[in-house]
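Trainee: mind looking at a prediction? Sequence and model below.
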Amino acid sequence: MQVAPEVIFKDVERTAWVEDFVAERLGHLEKFSSDITRCHVTLAREQGSHKKGNRYSVMVEVRMPRQHDLAVRKQKQIRDMQAQLPAVINEAFGAIEKQLKKTMALRRHEGKAHDGEPRGLVEKLFADEGYGFIRTLDGAQQVYFHRNSVLHDGFERLAVGTEVRFAPQEGEKGPQASSVQVVAKPAE
């Protein structure tokens, strides 16, 4: 990772075993991608209950080049923090690892292609003007698209970072997409 991971404790006691466990899981993330530039882990106790125990949540946020953010939040009622908190941490890291695998596969073009159409991420979006630009997953090309080319009235659902599949064609001013279909919304 280019920046040291940040671990934040909110109403959770900062203990050596928790820090060591999180550090071990952070070390595994680089096996999935050496492109990670930033990682934040937040462990929080959200509410307390004598009968049900405390609700703990673990959020893992990862940033990769080209402004690709991934985030996962898992939560669970816990009575015995030392016995049960590792399970919540494992769930959160397992989910972020799954997202990293998928992202890296797509970047290597190993993801399932639909009729050979290329994929990309919405790089720029000018919602008021009704157009935007897609950056291909290999980063080699920027492709213009108009709101009318987005299938299923999906223009309103687009945001920067949305993964799309598109049909390229040569336009008057360069490459443009004749149809755009949402594949995956950006991680929130």
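Mentor: Yep, that arrived.
Trainee: for the helix of greatest length in the chain, buried residues please.
Mentor: Counting residues, the longest helix in the chain under DSSP state H turns out to be helix 81-107. Neighbour-count burial for helix 81-107, counted by 16 or more other CB atoms under 10 Å, picks out 81, 84-85, 88-89, 91-93, 95-97, 99-100, 102-104, 106-107. For every residue, glycine as well, the C-beta is placed using N, CA and C.
Trainee: I'd like the next helix or strand past it.
Mentor: Per DSSP states H and E, helix 81-107 leads on to strand 119-126 as the next helix or strand towards the C-terminus.
Trainee: got the angle between that next one and helix 81-107?
Mentor: 90 degrees (axes from the mean of the first three to the mean of the last three CA atoms, to 10 degrees).
Trainee: what's in contact with strand 119-126?
Mentor: 66, 68, 106, 111, 113, 132-137, 142-143, 158-166, 183 (CB atoms under 8 Å, 6 or more residues apart in numbering).
Trainee: OK, contacts around the spatially most central residue of the chain?
Mentor: The residue lying closest to the centre of the chain (CA atoms, centre = their mean) is Leu70, at 2.1 Å. Under the criterion of CB under 8 Å, 6+ apart, the neighbours of Leu70 are 61-64, 96, 99-100, 103, 187.
Trainee: got phi/psi on it?
Mentor: Dihedral angles of Leu70 (phi, psi; degrees, to the nearest 10) stand at phi -120, psi 140.
Trainee: gap between it and Val164?
Mentor: 17 Å (CB to CB, to the nearest Å).
Trainee: just the element for Ser57, please.
Mentor: Element membership for Ser57 (DSSP H and E) is strand 54-64.
Trainee: and that strand with helix 81-107, angle?
Mentor: Using the same axes, to 10 degrees: strand 54-64 against helix 81-107 is 30 degrees.
Trainee: for strand 54-64, which strands pair with it and how are they oriented?
Mentor: For strand 54-64, the paired strands and their directions (DSSP bridges) are strand 38-47 (antiparallel), strand 68-78 (antiparallel).
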